[in-house]
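A.B. asks: A predicted structure for the sequence below; I have some questions about it.
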Amino acid sequence: MSRAPLATSFLCLLLSALLAAPSPAVAQAGQRAGEVQRVIPAVSIERGAQQLAAAAQTPVHWEDTVATGPQGRARIRLDDASVLNVGSESSLRVLAHDPTSQRSELDLHYGRIRSRVVKLAKPGAKYEVRTPVGTAGVIGTDFYLAFLNGIALLIVFEGIVRFCNLAGQCVEVGAGQTSSIQGAAEPTAAVAVTPAASMAAAQSTEVEDLPAHGTKARGRWAAALGFAAVGVAAAIVATRGKARAQGPPGTVNRLP
């Protein structure tokens, strides 16, 4: 047999193998990322064409979107022991979570989350939360991130977060500090967060201590949500005002 038919046969076999093997994206779809620990209804999980009602111990997979209603909240434990508290009226997509390589990518379409991230010690490890206007990347920390009315607001409780807009302009925000991104603008300079704004952010994503069902409970819960919303809005205004007044030149830098 000549070399040409042999080469043709080999190429055909190789092409068949490639077509038969699932693509990485397809292989990863449905891969487990963690599970729901607790929910305050109503919380749903969008998985492809399916929409599932979330409950305790419901698995969360790669590419799942966790969506909460006006009074819904969810606590999700990722498989590396990081914990996500998803606030009400929020939509969070788990793009990827690999506990072995310690690489996680989340997409906050809108709403608010609080992340308690385990220390990332492996080479190439990363934990990244994206919003439509910017990204928060961390190495082991506790932080709050909201995307509401076109503004991304970051409050850091522990550790350091690198907060970047879509153009790659970044600030480092430490514990007890806040920054925000509006549209295509640069992140504001990191400034001290007020106790009221910090408390409002924590309360707006709290899952453990919500009141029981009932008319009175709903009234107290609505009042708490109102306080949290006012506090977070005040934090955005204060952050942008302080940044304009105090922000030193060179605070914002571009990613290499």
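C.D. replies: Sure thing, it's come through. Residues are numbered from 1 along each chain as shown.

A.B. asks: I'd like the distance from S115 to V193, if you could.
C.D. replies: For S115, the distance to V193 (C-beta to C-beta, to the nearest Å) stands at 16 Å. All C-beta atoms are positioned from the backbone trio N, CA, C, and that covers glycine.

A.B. asks: do E128 as well
C.D. replies: According to C-beta to C-beta, E128 stands 22 Å off from V193.

A.B. asks: Kindly report the same for Y127.
C.D. replies: Note on Y127: its distance to V193, by C-beta to C-beta, is 21 Å.

A.B. asks: that's a helix at T100, yeah?
C.D. replies: No - according to DSSP: H, G, I helix; E, B strand; the rest coil, T100 belongs to no helix; its state is coil.

A.B. asks: Tell me the pLDDT of the residue lying closest to Q31 once chain neighbours are set aside.
C.D. replies: On the basis of C-beta to C-beta, 6 or more residues apart in numbering, the spatially nearest residue to Q31 that is not a chain neighbour turns out to be W62, at 4.6 Å. Predicted confidence (pLDDT) for W62: 97.

A.B. asks: C-alpha coordinates for stretch 105-124, PDB please?
C.D. replies: Extracted as PDB, the C-alpha positions of stretch 105-124 are listed here (Å, rounded to 0.1, in the frame of the first residue of the first chain):
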ATOM      1  CA  GLU A 105     -15.100  31.800  37.900                       C
ATOM      2  CA  LEU A 106     -18.500  33.300  38.800                       C
ATOM      3  CA  ASP A 107     -20.700  35.800  36.900                       C
ATOM      4  CA  LEU A 108     -23.000  38.100  38.900                       C
ATOM      5  CA  HIS A 109     -25.500  39.300  36.300                       C
ATOM      6  CA  TYR A 110     -27.300  41.500  38.900                       C
ATOM      7  CA  GLY A 111     -27.900  41.600  42.700                       C
ATOM      8  CA  ARG A 112     -25.500  41.000  45.500                       C
ATOM      9  CA  ILE A 113     -23.400  38.300  47.000                       C
ATOM     10  CA  ARG A 114     -21.000  37.800  49.900                       C
ATOM     11  CA  SER A 115     -18.100  35.400  49.300                       C
ATOM     12  CA  ARG A 116     -16.100  33.700  52.100                       C
ATOM     13  CA  VAL A 117     -13.200  32.300  50.100                       C
ATOM     14  CA  VAL A 118     -10.700  29.700  51.400                       C
ATOM     15  CA  LYS A 119      -7.000  30.500  51.100                       C
ATOM     16  CA  LEU A 120      -5.800  29.800  47.600                       C
ATOM     17  CA  ALA A 121      -2.300  28.300  47.800                       C
ATOM     18  CA  LYS A 122      -1.800  26.400  44.600                       C
ATOM     19  CA  PRO A 123       0.100  27.800  41.600                       C
ATOM     20  CA  GLY A 124      -2.300  29.400  39.100                       C
END
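
A.B. asks: how about it: buried residues?
C.D. replies: Judged by neighbour count (16 or more other C-beta atoms under 10 Å), stretch 105-124 contains these buried residues: 105-108, 110-118, 120.

A.B. asks: where in the stretch 101-250 of the chain is pLDDT low?
C.D. replies: Segments of the stretch 101-250 of the chain classed as low confidence (criterion: pLDDT under 70) are 208-250.

A.B. asks: Tell me the spacing between V138 and V60.
C.D. replies: Per C-beta to C-beta, V138 is found 20 Å from V60.

A.B. asks: what's the longest strand out of those in the chain packed up against?
C.D. replies: With DSSP state E applied, the strand covering the greatest number of residues in the chain is identified as strand 103-116. Other helices and strands packing on strand 103-116, by 3 or more C-beta pairs under 8 Å, 6 or more residues apart in numbering; DSSP states H and E, are strand 83-86, strand 91-98, strand 126-130, strand 142-148, helix 195-204.

A.B. asks: What does the residue nearest to Q31 show for phi and psi?
C.D. replies: For W62, the backbone dihedrals (degrees, to the nearest 10) come out as phi -60, psi 140.
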